[in-house]
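Asks: Quick check, what structure comes out for this input:
(4 chains, ligands or ions: 4)
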Amino acid sequence: MQLSREALLRAYRQMKVIREFEERLHVEIMTGEIAGFTHLYSGQEAVAVGVCEHLDNADKIISTHRGHGHCLAKGCDVNGMMKEIWGSREGLCKGKGGSMHIADIDQGMLGANGIVGAGAPIAVGAALSAKIDGQGKVAITFSGDGACNQGTTFEAMNLAVVTQAPCVFVFENNHYSEHTGVDYAVGTAQDIASRAEAFGMKVWRADGTDFFAVHETMREVLAHVRAGNGPAAVEFDTERFFGHFEGDPQRYRGEGELDRIRETRDCLKKFRASVTGAGLLGDAELDAVDAEVLGQIEAAVEAARAAERPTAEDVLADVYIAY
Amino acid sequence: MQLSREALLRAYRQMKVIREFEERLHVEIMTGEIAGFTHLYSGQEAVAVGVCEHLDNADKIISTHRGHGHCLAKGCDVNGMMKEIWGSREGLCKGKGGSMHIADIDQGMLGANGIVGAGAPIAVGAALSAKIDGQGKVAITFSGDGACNQGTTFEAMNLAVVTQAPCVFVFENNHYSEHTGVDYAVGTAQDIASRAEAFGMKVWRADGTDFFAVHETMREVLAHVRAGNGPAAVEFDTERFFGHFEGDPQRYRGEGELDRIRETRDCLKKFRASVTGAGLLGDAELDAVDAEVLGQIEAAVEAARAAERPTAEDVLADVYIAY
Amino acid sequence: MSKMMYRDAVLSTIAEEMENDPSVVVLGEDVVGGMGTPGGPEAIGGIWSTSTGLFGKFGKDRVIDTPISESAIIGAAAGLALAGKRPIAELMFADFIGVSLDQIWNQIGKFRYMFGGKTRCPAVIRMAYGAGYNAAAQHSQSVHQILTGMPGLKVVMPSTPADVKGLLRTAIRDDDPVIFLEHKALYGVSGEVPDDPGFTIPFGHARLSRAGQDVTIVSSGLLLGFCEVVADKLAAEGIGCDVVDLRTTSPLDEETILDSVEVTGRLVVVDEAPPRCGLAADICALVAGKAFASLKAPPQAVTPPHTPIPFARELESAYLPSVDKIEAAVRKVLAWR
Amino acid sequence: MSKMMYRDAVLSTIAEEMENDPSVVVLGEDVVGGMGTPGGPEAIGGIWSTSTGLFGKFGKDRVIDTPISESAIIGAAAGLALAGKRPIAELMFADFIGVSLDQIWNQIGKFRYMFGGKTRCPAVIRMAYGAGYNAAAQHSQSVHQILTGMPGLKVVMPSTPADVKGLLRTAIRDDDPVIFLEHKALYGVSGEVPDDPGFTIPFGHARLSRAGQDVTIVSSGLLLGFCEVVADKLAAEGIGCDVVDLRTTSPLDEETILDSVEVTGRLVVVDEAPPRCGLAADICALVAGKAFASLKAPPQAVTPPHTPIPFARELESAYLPSVDKIEAAVRKVLAWR
Ligand SMILES: Cc1ncc(C[n+]2csc(CCOP(=O)(O)OP(=O)(O)O)c2C)c(N)n1
Ligand SMILES: Cc1ncc(C[n+]2csc(CCOP(=O)(O)OP(=O)(O)O)c2C)c(N)n1
Ligand SMILES: [Mg+2]
Ligand SMILES: [Mg+2]
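Replies: Ligands and ions are numbered 1, 2, ... in the order given. Sure, this is the predicted structure:
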């Protein structure tokens, strides 16, 4: 289905925000200013955006350790996120969560998650809530090719089928879990989607570096799930452009692999080529978006750097609502 | 493949021992003499025996909460088991384990297990040990139709495929997990075996109330696995004759279901009809086995009743080898 | 007041709260029972009879029978709670936190804090715990000591039907995650329960079930009753025991404990968990740290030994704290010096 | 003696034991690293560099790289151990006991007892624990208090490279299951390690890392070093501290602790776990119970507050016990009365 100019521009912008957010963090992290483990989403933007462009705040998503892209695509505030990653008390989570634990319940973003595989059952719960409400809302869980081996992911798929929960299992196969290849760690002779299918749900597959493929596939998937046909799963083939976490020397990559995927599998480049080729958008307007986004990220970094730091008293706040 | 008279008699005897062991417990439990939760294996004997007749002590099995049949089929001592169930210090586990925790490592019986799904990963470990030893030995895990929904079972299947462990996942589908039907709890549109297949292993299916079907299937399965082709799974369709545990009023059963399965799905009856029909064994020799087994069980119960009771000091023994 | 069993106090409170608040949802294994069987839904409920009839009343969207997948059960409760519902998840046995701990500890217990205080996670996780049924090492355990040690969780251990009623109402209405521990051996015990639909018991308020001047006995759950027996026996000899029923181990009512010890100077803590890093040690340390000057004798813990729970009747009885062992401990602190 | 880092003491000990005993097997996520990638096996090892080179030396049957399936990892270790091997399983972060606790707690820890004492389960489960890396609530936790409370498990917490060497040898050779806790912030710390291939340290024997007459400080792991700093500072003022490095929390060397407190009469326990039902309370209760008459001041615990572990640098520093907080606690017990 043809997207409007506005929708195209918004999708591009969303992907670009994620890309620049991550590319900037990659640089900033080397300065030592940012604490903790950070896992960057660069390269996978088309998945987060292609999925979340179909959702509103009442639809829920739950993310992973590599969560920035999902958060941004679902509408989390760029400044609030940057401040969180900087550990400021003005951050989305007051500096208590950091990169791996960003959440914004009001946006339907139920949290990045440091525990691989933990998100899937939580999404089933959110989907069961949507089922009770009966408004055709869904819950979506993002999982990696590594997370798809965790028992919780399997249990969640079965529970979703049994309860006919409106839940979508989005598998982002970027071929690596930390330093291990998907061909080793996922035993199946076929693919991740086939394994999901064996649990009794309908599955789809698409190129995760092609925004249009993701978006179009998700249209079908969501039509199926919102209509009350139970859960579904999608496997997107995608690429991560950086290491598993910042600091990873990536010696497990093939020769020239990083250059090749940046060259041929870059969702932003592919998007631009496609929309300009089809005459839907021009390079100039995309360049304008690029410039604007760069400015936004620059401003976010400056704001994060200047933001208020938390204090020792903050440690004790917010454990319980009432204790 | 045709079994020898000796093999046929032994198989029948093994099944009969299990049957009479369980039928007797069913009666004894009502007297209140036996403590704890007891889950009886009556009805499923052809699976335990059809599997274990192919194994020697260096092959390992791991069982479930419904473990008596597997233990007996794998060679655990009848008296030692009865004493254990009676909680005697002469029991196989000195009265510390009870019905749900009988093990006999020397027989390659790595334990009944009170935690549903816990056995599968343990079996993979035992299989990895066999792989290191390189003697063509295997490890077998028995799981119910309920246990096949536990995350550990799925993780174990994937790990077995990834590591090409000589492990066999035997699924005993008796249609119920406690009070819930398999059609509800196992989401897949197909069967349990199909789900195992999606993990990348070869699977088989057979009638679990037909000893010959089980035995013949396991011959193929074990030839495949012992030859180094990685793990395999088998789904046996079977029946449990008693409640989930003793005391279960079984209101979830269909009308006449218990009579029907005792009539048409009794592995002992089917075995007898088959071997006498084919002229391989005569009713008289089978009756002789029956009588002998009844005597053995009677003796075991008497021995258990008379066996030494544990004392308070025993509580503190055997936690650590050296502390 | 009505007389009812502990298990019925659980069931009736859940039913009432479901009636009052459409966001309350129940999930767990066999909470309906009979799903997918010839007997059909509710042919038999769960083994503790704590959800009987709920499915018929509230339907399948709010009474969710699950496969044997405890991580998914607790995870689903987490998701329901984050999405605005008030899930009550049932673990059939407390021992099954082993297969679902991450969702309890690292998820439900941490959301509010990790997410900067803006997230509510009003999930109740009920579980049957405790020994006394000869269910052996994997079906008899106490887990409150493990969960009390986990920040973000509230932990409730009612010892009477009335406390079940008042504390479970509070739990369901609480905006924080609550672990609700039901002792298996208490399910069949009857007691008077207030009829007032507004009756609740706040968390962090212990109950003084016996009052005396000579020794403080702290306990909860099944063993509370054992302590009362000892207190009554000693009362006949003119020895007065304060018996403190904790009701909730997190939050802990430090004040009631410390106030009592300030008077008595002597403390016995009776708990069903293993001794190391357990609740008994926790409370002995609290008192030693904060009421040191009042203490006339070493704080005494009565717990099982540091072993798994054995099966045989004789072994399990020897394993568990008994009235005799409690009495001996009390006499020991009274005799000190 | 050789100077080596804590992480290298782990790696070299594993390599030596694998060399000596063909039944020793290693398994875990990325213990090989690079499996199924263009870079190939060992392209990169695990994130802690504690298994580098093992695959090349001992091959894929004895160095088993696993999918992300912690229950299966620990379960497989259980099966390997029951079948006669000596598995060393690695959990990348101690926090992942959440997804594998059943296999640790209800399986590995209980086999020997449940099965009547005839079963050996010589599994070592290594895990990186502790805060200090701003890894936030799900990647920074201490878990020794949880596992120490579980009968059947031995729990080891080395604070120096030499202790890693001696204790890990003992762990691998032990016939019981052992939890081996490696503090993330110590991996890069260097120290002298005995070269003697027979060097082992028995479990249940604490180390007196500083000796003094005035106060007993008990700790382990990373915080031990903080306690030493405090002891050295106070020594300059003429205040003598016994600093007890527990080395193993189960079995616990009660004797060394009690002997010390009998002399000093004052106790400070410094521990990284949350305060409730933690190790600090455990040891305070032990001392209050068994050395009551010697105590001149209330036993004092220095622990983080009862909150999850926050992310930001300022918050994590404020959360963790610090040299200053330890010093203040020591001065407080010294000043008591
Ligand atoms: C339960 C658990 N096990 C292991 C880890 C460590 N870990 C973090 S990310 C990761 C790899 C995840 O791979 P994948 O699911 O493919 O996601 P990707 O990193 O590719 O986005 C691992 C092993 C963890 N955080 N949680
Ligand atoms: C982790 C765990 N969850 C739940 C239970 C309670 N339980 C014991 S047996 C059982 C049903 C198992 O069904 P299935 O696997 O089909 O085996 P069957 O009883 O039919 O032999 C349940 C739910 C348990 N023991 N362990
Ligand atoms: Mg990946
Ligand atoms: Mg079954």
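Asks: just the helices in chain C please.
Replies: C:6-20, C:54-58, C:70-82, C:101-102, C:111-114, C:144-148, C:161-173, C:221-236, C:254-264, C:279-290, C:313-319, C:323-335 (DSSP state H).
Asks: wait, which of those helices is closest to residue A:51?
Replies: helix C:70-82 (17.6 Å; C-beta to C-beta). From N, CA and C alone the C-beta is placed, and that goes for glycine too.
Asks: returning to that earlier point: between the helices of chain C, which one is nearest to residue B:297?
Replies: Closest to residue B:297 of the helices of chain C is helix C:313-319 (C-beta to C-beta; 22.6 Å).
Asks: how much space between residue A:121 and residue A:88?
Replies: From residue A:121 across to residue A:88, the span is 31 Å (C-beta to C-beta, to the nearest Å).
Asks: Which of these two has more residues huddled nearby?
Replies: Shown here are residue A:121 and residue A:88; by other C-beta atoms under 10 Å in any protein chain shown, residue A:121 has more neighbours (35 against 24).
Asks: Quick check: the more buried one touching residue A:158?
Replies: No: counting by C-beta atoms under 8 Å, residue A:121 does not reach residue A:158; the two are 10.4 Å apart.
Asks: okay, and the common contacts of the two?
Replies: residue C:72 (C-beta atoms under 8 Å, 6 or more residues apart in numbering or on different chains).
Asks: Show me what the residue in the stretch 51-200 of chain A positioned nearest to ligand 3 bridges to in the sheet.
Replies: Closest residue of the stretch 51-200 of chain A to ligand 3, C-beta to the ion: residue A:144 (3.6 Å). Residues in a beta bridge with residue A:144, per DSSP bridges, are residue A:172.
Asks: Test my guess that residue C:23 contacts residue C:86.
Replies: Yes: Residue C:23 is in contact with residue C:86 according to C-beta under 8 Å; the separation is 4.9 Å.
Asks: Which single residue of chain A ends up nearest ligand 1?
Replies: Nearest to ligand 1 in chain A, going by C-beta to the nearest ligand atom, is residue A:144, at a distance of 2.1 Å.
Asks: what ranges do the strands span in the stretch 51-200 of chain C?
Replies: Using DSSP state E, counting those that start in this stretch, the strands of the stretch 51-200 of chain C run over C:63-65, C:86-91, C:124-129, C:154-156, C:178-183, C:190-193.
Asks: by contact count, what packs against the last one?
Replies: I take that to be strand C:190-193. strand C:2-5, helix C:6-20, helix C:161-173 (3 or more C-beta pairs under 8 Å, 6 or more residues apart in numbering or on different chains; DSSP states H and E).
Asks: what do you get for the second one?
Replies: Using 3+ C-beta pairs under 8 Å, 6+ apart, the elements in contact with strand C:86-91 are strand C:24-28, helix C:70-82, strand C:124-129, helix C:161-173.
Asks: May I have the strands that pair with it, each with its orientation?
Replies: strand C:24-28 (parallel), strand C:124-129 (parallel).
Asks: quick one: the last one to strand C:178-183, angle?
Replies: Just to be clear, that refers to strand C:124-129. Relative orientation of strand C:124-129 versus strand C:178-183 (axes from the mean of the first three to the mean of the last three C-alpha atoms, to 10 degrees): 20 degrees.
Asks: which ones are touching the residue of chain A closest to ligand 1?
Replies: Contacts of residue A:144 (C-beta under 8 Å, 6+ apart): A:64, A:66, A:116, A:171-174, A:177.
Asks: got the domain boundaries for chain C?
Replies: Domain assignment for chain C by automatic domain parsing gives C:2-193, C:207-335.
Asks: hey, which of the ones you listed is tucked in deepest?
Replies: Highest mean neighbour count among these (mean count of other C-beta atoms under 10 Å in any protein chain shown): domain C:2-193, with a mean of 24.
Asks: close to ligand 1, is that one?
Replies: No: residues of domain C:2-193 contacting ligand 1 under C-beta under 6 Å from any ligand atom: none, with a closest distance of 7.3 Å.
Asks: pLDDT on that domain, on average?
Replies: Mean pLDDT, domain C:2-193: 97.
Asks: roughly how far apart are residue C:104 and residue C:289?
Replies: Taken as C-beta to C-beta, the span from residue C:104 to residue C:289 is 28 Å.
Asks: and the residue of the stretch 1-150 of chain A nearest ligand 2?
Replies: Counting by C-beta to the nearest ligand atom, the stretch 1-150 of chain A gets nearest ligand 2 through residue A:121, at 14.8 Å.
Asks: near chain C at all, the helix or strand that residue falls within?
Replies: Assessed by DSSP states H and E, residue A:121 sits inside helix A:119-133. Yes: in terms of C-beta under 8 Å from any C-beta of the partner chain, part of helix A:119-133 sits within range of chain C, namely A:120-132.
Asks: Selecting buried members of these in ChimeraX, what would you type?
Replies: Selection of buried members from those for ChimeraX, criterion 16 or more other C-beta atoms under 10 Å in any protein chain shown:
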select /A:120,121,122,123,124,125,126,127,128,129,130,131,132
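Asks: Check the residues of helix A:119-133 next to chain C one by one and keep those near ligand 4.
Replies: With C-beta under 5 Å from the ion as the criterion, these include none near ligand 4.
Asks: would you turn the residues of helix A:119-133 next to chain C into TSV with pLDDT and distance to residue A:97?
Replies: Formatted as TSV, the residues of helix A:119-133 next to chain C follow (pLDDT from 0 to 100; distance: C-beta to C-beta, whole Å):
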residue	pLDDT	distance to residue A:97
A:120	98	20
A:121	98	20
A:122	98	15
A:123	98	19
A:124	99	23
A:125	99	20
A:126	98	19
A:127	99	23
A:128	98	25
A:129	98	22
A:130	98	25
A:131	98	28
A:132	98	28
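Asks: In terms of distance to chain D, which of the residues of helix A:119-133 next to chain C ranks first?
Replies: Nearest to chain D among the residues of helix A:119-133 next to chain C: residue A:121, at 11.4 Å, using C-beta to the nearest C-beta.
Asks: got the contact list for residue 32?
Replies: No chain specified, so I'll use chain A. Counting by C-beta under 8 Å, 6+ apart, residue A:32 touches no other residue.
Asks: I was thinking of chain C, sorry if that wasn't clear
Replies: Residue C:32 neighbours (C-beta under 8 Å, 6+ apart): C:41-42, C:45, C:51, C:54-55, C:60, C:63, C:65.
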